[in-house]
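**Student:** Here is a sequence together with a model predicted from it:
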Amino acid sequence: MLIYEISSEGRSATAQYESCELENSELPTTQLRETTIGLPAVSELQVVRHYTGLSKKNFSIDGEFYPLGSCTMKYNPRGALAGAHMPGFLARHPLAPENVSQGYLSCLYDLQEYLKDVTGMRAVSLTPMAGAQGEFAGVAMIRAYHDKAGDSERTEILIPNAAHGTNPATAVMCGYTVREVPVTKEGDVDVDALKAAVGPQTAGLMMTNPSTCGVFERKIQEIAEIVHEAGGLLYYDGANLNAILGKVKPGDMGFDVMHMNLHKTFATPHGGGGPGAGPVGVGKRLEPFVPTPIVGKRSTNGEDEYYWMSDKDIPDTIGNLSAFMGNAGILLRAFAYARLLGNQGMHRVGEYATLNANYMATKMASAGFKLAYPNRRATHEFIVSMSQEAKELNVNAMDFAKRLLDYGYHAPTTYFPLLVPEALLIEPTETESKEELDGFIEAMTQILREAKETPELVRSAPVTTPVKRLDDVKAARELNLAWRSAD
Amino acid sequence: MPFVPHTTQDEELMLDAIGVESIEDLFDEIPPALRAGVLANTPDGISEQALLRLMSDRSKQDEVDLCFIGAGAYQHHIPSAVWDLVTRGEFMTAYTPYQAEASQGTLQLIYEFQTMITRLTAMEVANASVYDGASALAEAILMAVRANRKSKSRNVLVPGNLHPSYLSTCRNILHNQKINLQVIPYDQQSGCIKQEDLRDLEGEDFAALVIQYPNFFGGLEMADELTNWAHAQGQLVIGVVNPTALALLAPPGIWGDTGADIVVGEGQPLGIPVASGGPYLGFMCCKQAIVRQMPGRIIGKTVDLDGKVGFALTLQAREQHIRRAKATSNICTNQGLLVTAATIYMSLVGDLGLRSIATQSHNGTVNLIGKALDIKGVKRRFASPVFHEIVLELPCLASQVLKQMCADGILGGYDLGAMDATLENCILVNVTETKTPQDIDNFITSLRAAVEVTAC
C-alpha cells in the first residue's frame, strides 16, 4: 500500500510544525500558490510504521549476504556513521569560514593523505560525488592536459570491451569518441590489438585492474608503456580497488589518473543507490588540473592551519563539480573507516577479499559450476558462466539469481561483463565469514539440483519475496511514474 | 583485524581447499616489481571509542551558536523520525534496486518520492534524483539541448543571478560537449532578470532559458513572463527552484501559459542536514513528452506474474549500463538515502507543515529585514520581493563585518564580495523557521555592533 492510500484529509503530524499565517508579507499576490500541494496527510505513527514496513521489503548487507560483483558490498561500520553524524559536523554550513571549520578540514586533509598513500598518487581531490563523476573529472583532466599542450588531434579514448558502461559514457561526456580494444580468452587486454589501435589520435586508455573479468591484468606495465609511448595517458577505474588495497598501488602500475569508489573500498553505505563518493588521484602530469576545492595545510606561528585551495591556488584546475564540496558526509565516513583499519587493516582488506573469492571459486568449480577463467587466479571476484545450464536445462543465469533470493541470499551481478555468456559475477568481500560462503555455495548446489529435477521451480522463482517477477515490459510501455488517486 | 571474521583455523581450511600455502600465493599473477611495500603515511588502526573521541573533538571545533548563511543550503528543523528511519540498515546498506523482488522497499519509496516531487513542482514526471542541485542543472541543460526539436542550437541562456557555483559547475561539466552558456545580466535595481533586457536576444537560436526561483539573491523573478517569452522564442524553460518556497509560491508546472519544461532543484531543505554541503540530492522533473531524454534512474509501477502491484527500474535503455557510449549521461547514482530522508520528511510535514515552515521562514526574514534597515548605513541592495533570503548592503566591507559577528558566535551571512567585487559590501542573509525572534534580535545586536566597529 502506498503512503497516499493511507492518507486522510485533515490528518497531520502536528508536532512537526507550528501553524502560522503570513505577516507583513511582501510576496506578490500574483505569485502565490493557489492550489494545494498534494503531499500525504498522515499521522507521525503512520509514517513511522509505513516506512519501517517498506524497509522490511529490502535485502541489505545488514540483513543478507550480498555478493553483488563489482559493487563491493562489505560491512559498513556503524562507528563510521556515528563519527560523521557528530552534531558539529551535521550543523556545519558548507560556506562557514575556515576559522570555524578546522575540525572538518583536518579530517579531509588527513583523508587526502591516506588516499595518496594507498594509491601511490601525488595528489588527491575529494570533490567528485560518485565514481562516474570521478571518471568524468579524470577524463576531463586528460583533455585539459592535451588542450594545454595544444595537442588537439587527440580525439579518441581506448577502452577494453569488458569495461563498465560508465567508461564509454564518460568519454563521450568529455567530447571524445570511443574505440574498444578486445580482451583475450584468458581475460587480458589483447596487447597486439592495443598496439594497432594507439596512435596520434589517442588521448588515453581507461581500464580497470583487476579487470571486470575478475583477473589481474598481467601485462599492465607493457600496456602503460604502449599508451605513454603513443602520447596518451592512462586512466584507472578504481571500481576494483578492494582487490589490491595494500597490495599494489595504481600509481606504481603507471596510471596517470584514477578514481576511487569510497562506497566500495572504504565501506561507506550504498544507501539504496547512493550517495557515493569518487575522489580522484593524479600523478605528476595531471597534478595542475585537479578539480577544486582541495584542502591545504600551512603552518602559522607554529600551528597547523587548514584551508581551501581554489582556482587561485590551482589556476589550471578543471574547476568545481558540485555546488559546494562533494559528498562531505561520505568523506567523513571514509576517514573514520581508514582510522579504524589503519595501515595493517588496509593490507588485510585486499588479502581476505582475495582469499574469500578464491575459496568460493574453487568450491563452486568442484560443485560442478563452470568458471569463466578456470586457469586464472580469482581476484576479489570471479565469474561463473551458466551457459551450459541455460542450454541443457533451459535454466539461465537470471533464474539462478532469482532463486537465490528464496534462499535468503542477494543475487550476484547478472549478465556482466557482457562478453561472458550467462555470467554471474560474484564478489564476497573480506567481511564475510567462511560459514556464510559455505551457505551460499550449498544454496547454489541445491539450486543446480532443482534445475535438473524441478526446473520450473527455478524458472518461476522467486516465490518468497514480497512480489514475484515483475513485468518490465508493462512498466516501460504503460509508463506510470507517479501515483494518481484514480490508479 | 577490524571487520575481517576469519579465525586462524578458517584461514587454514580455506587455503587447503584452494590448494595454496599462504594468502601471498594468491597474488602470484601480479608482477613482483609492482607489489606495494608499507603504507608509510597511514597511521595505525584505532578502536571505535578512540575514533569517536577524535571525531567528537574535531567536530566541536566547528560548532557555532547561530548560522544565518543560506546560499543554497538551508538549516531547517528535521523531525527526529526522519533519520531514525533513514539509518535503518535495510535502507542504508542496500544497493541500487537491480533485483526488484528483493528491493521493493526502496523502489516503492522512490515511486512515492517521484509522486511527491511532481506534486510539489506541478510537473508530470520526476526521476529518482541525481547528485545535487548544481549537477542536476547541468544534466537539465544537456537534456534540453537533446529534447528541443525546434532548436539546433547548443547555446543556452542562463541568468546572471544564478547561484555562482551552479554556473561554474555547469560550465565545467558542459564545455567539453560544446555547450555554450550565455549569461543574461540581472537588473541592478531589482536584482532580477528584466524582460526588456531580453529583446536584444530575440530572433537568435537558443535551446533553453534557465530561471532560478527564488534567484541567488533570494528575489522572485517574473517567472510567468519569462516563461512565455522563452516559449515564444522556441526555447525550453528550465526552472531551478527551492522546494520549501513552492509551498507558498506558484510552482513551475504552471508558470506562464504552458509551464516550465524541465525543473530541477536542491532537495537538501527536505530533511537533510546542511552538513558541509553533502550528500544532498538533486531532484529533476519534466513534461511527460520528453521523459525519454531524462537522465538517471526512473521507477515505474507495474505488476508481477500474479498481477500483484510492484515497482521496478524502467526506461533503462537510456542508461549507461545498457547504452554505454550512447547513454543520456554517465550517471549511475541516485541519491537513494537522501531520497529516503526527503520522502519521509515530506510525509511527516505534509501540506500544512511545509506551508507553515515556508511561512515562518518568510515571516522571520521580513522581521529581520525591518530591524536591519533600522541600523544606520544598512540598506536593502535589491528592490525585488524575497522569500527567505535577503541581500543587505553595509556601509563597509562585508568580510570584516562577518568576521566581527563570527567572534560573537554568529555566522551572519554569505559574503557576496567572494563572487562579485562590486558586491563587496553586501551580505546574503537567510532566515528559516529554526530562528526564533530572540535569535533574530541577537543577529541584529551583533550586526549593529559589527557595523559600528567596522564602519570607515
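**Tutor:** The structure has been received and is ready for your questions.
**Student:** Residue A:270 and residue B:82, how far apart?
**Tutor:** To residue B:82, residue A:270 is 19 Å away according to CB to CB, to the nearest Å. The C-beta positions use only the backbone N, C-alpha and C, and glycine is treated the same way.
**Student:** Correction: the previous question concerned residue B:187.
**Tutor:** For residue B:187, the distance to residue B:82 - CB to CB - is 40 Å.
**Student:** what about residue B:320, how many residues close to it?
**Tutor:** 26 (other CB atoms under 10 Å in any protein chain shown).
**Student:** Contacts only, for it.
**Tutor:** A:132, A:165, A:166, A:168, A:169, B:327, B:329, B:330, B:331, B:332 (CB atoms under 8 Å, 6 or more residues apart in numbering or on different chains).
**Student:** Same question for residue A:241.
**Tutor:** A:119, A:250, A:260, A:261, A:264, A:265.
**Student:** now, which of those residues sits nearest residue B:196?
**Tutor:** Relative to residue B:196, the closest of the contacts of residue A:241 is residue A:261; by CB to CB it sits at 49.7 Å.
**Student:** Now do that closest one, the pLDDT please.
**Tutor:** pLDDT for residue A:261: 97.
**Student:** What pLDDT does the model give the residue lying closest to it once chain neighbours are set aside?
**Tutor:** Ranked by CB to CB, 6 or more residues apart in numbering or on different chains and with sequence neighbours excluded, the top spatial neighbour of residue A:261 is residue A:131, at 4.4 Å. For residue A:131, the pLDDT comes out at 94.
**Student:** what's around residue A:131, how many residues?
**Tutor:** Neighbours of residue A:131 (other CB under 10 Å): 27.
**Student:** so where's the stretch 1-150 of chain B shaky on pLDDT?
**Tutor:** Counting by pLDDT under 70, the stretch 1-150 of chain B has low-confidence residues at B:1.
**Student:** and residue A:298, what element?
**Tutor:** strand A:294-300 (DSSP states H and E).
**Student:** buried stuff in that strand?
**Tutor:** A:294, A:295, A:296 (16 or more other CB atoms under 10 Å in any protein chain shown).
**Student:** quick one: the last one and residue A:306 touch, right?
**Tutor:** Yes: contact between residue A:296 and residue A:306 holds when scored by CB atoms under 8 Å: they sit 7.1 Å apart.
**Student:** Quick check: neighbours shared by the two?
**Tutor:** Joint contacts of residue A:296 and residue A:306 (CB under 8 Å, 6+ apart) are residue A:109.
**Student:** Tell me the strands beside the strand holding residue A:298, with direction?
**Tutor:** strand A:303-309 (antiparallel) (DSSP bridges).
**Student:** As a check, name the ranges of all strands in the stretch 251-400 of chain B.
**Tutor:** Listed in chain order, the strands of the stretch 251-400 of chain B (DSSP state E, counting those that start in this stretch) span B:262-266, B:282-286, B:299-303, B:309-313, B:379-380, B:389-393.
**Student:** wait, which of the ones you listed is closest to residue B:357?
**Tutor:** Nearest of the strands of the stretch 251-400 of chain B (CB to CB): strand B:389-393, 14.7 Å.
**Student:** can you give me the offset of that closest one from its chain's centre?
**Tutor:** What separates the centre of strand B:389-393 from the centre of its chain is 21 Å, taken as CA atoms, centre = their mean, to the nearest Å.
**Student:** ok, now stretch A:324-338?
**Tutor:** 14 Å.
**Student:** Just the mean pLDDT for that stretch, thanks.
**Tutor:** Here the average pLDDT along stretch A:324-338 is 97.
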